[in-house]
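>>> test case, fold it:
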Amino acid sequence: MSRVIIINIIRFFVLVFLQVFLLKNITLYNLSTPYLYILFILLLPFEIPNVLLFLLAFILGLTVDAFYNTPGLHAAACVLLALVRVLFISITVQKDGFDNEPEPTLSLMGFRWFFTYAVILTLFHHFFLFNLEVFRLSEIQYTLTRVVLSTAFTLFLMLMSGLLFYRRKERK
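Here you go, the predicted structure:
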């Protein structure tokens, strides 16, 4: 097995474990809930085939759905996240740059690119997830507040984990 495959398998189980057994019980005033498990999709290698990306996103979402008792909610949001990831990477990353930067991590891509990438993808995920959860336009203000605060909380945890495992590398 390739080193990248083993790292991503370990990352999958660690992030799902953290989400289900630790972060599920953390909520700030019923407005902000961190969803760190989406970091798995964000950190998958650039050259992963789209079919495999969507399949992994669906499996990740179904796994979280099984523990949250939300049939299909997280799976749908994760598949949308995978779609937005494909679009964002196709717009911002040059195709010939994949050899130098194999995956979109904080240490390889730099703070500005990774932060923009994480903000946009997390906002899409949370907006879709919370709107599916509520499914009422009458509560849009409450939903938007949850989206913004949960995105901030999730991004804080993503950046802390990124800085925890940060390795400075020279970009060519």
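>>> enumerate the positions of stretch 136-153 that are buried.
Within stretch 136-153, the residues that count as buried by 16 or more other C-beta atoms under 10 Å are 143, 146, 147, 149, 150, 151, 153. Where you see a C-beta, it was placed from the backbone N, CA and C, and this is true even at glycine.
>>> ok, now stretch 106-115?
106, 107, 109, 114, 115.
>>> any chance of CSV for the buried residues of stretch 136-153, columns distance to residue 130 and secondary structure?
CSV is the format used below for these (distance: C-beta to C-beta, whole Å; DSSP: H, G, I helix; E, B strand; the rest coil):
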residue, distance to residue 130, secondary structure
143, 5, helix
146, 5, helix
147, 6, helix
149, 11, helix
150, 7, helix
151, 10, helix
153, 13, helix
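>>> go through these and name the one nearest residue 62.
Distance to residue 62 across those (C-beta to C-beta) is lowest for residue 150, with 20.7 Å.
>>> distance of that closest one from residue 49?
Distance of residue 150 to residue 49, computed by C-beta to C-beta, to the nearest Å: 30 Å.
>>> quick one, what contacts the residue positioned nearest the centre of the chain?
In the chain, the residue lying closest to the centroid (C-alpha atoms, centre = their mean) is residue 38, at 2.6 Å. Taking C-beta atoms under 8 Å, 6 or more residues apart in numbering, we find residue 38 in contact with 78, 81, 121, 122, 125, 154.
>>> what residues are up against the second one?
The neighbours of residue 81, taking C-beta under 8 Å, 6+ apart as the test, are 38, 41, 57, 121, 124, 125.
>>> now, those residues that are in helices?
Among those, the ones falling in helices (DSSP state H) are 41, 57, 121, 124, 125.
>>> thought the third one was touching residue 40?
Meaning residue 121. No - contact criterion C-beta atoms under 8 Å: residue 121 and residue 40 do not qualify, at 11.9 Å.
>>> more neighbours: which of the two?
More crowded of residue 121 and residue 40, by other C-beta atoms under 10 Å: residue 121, with 24 against 20.
>>> can you tell me how far the more buried one is from residue 34?
From residue 121 to residue 34 the distance is 15 Å (C-beta to C-beta).
>>> can you check residue 151 too?
10 Å.
>>> repeat that for residue 23.
In terms of C-beta to C-beta, residue 23 sits 5 Å off from residue 34.
>>> any residues in contact with both of those two?
residue 157.
>>> more neighbours: which of the two?
Legend: neighbour count by other C-beta under 10 Å for residue 23 and residue 34, higher for residue 34 (23 against 19).
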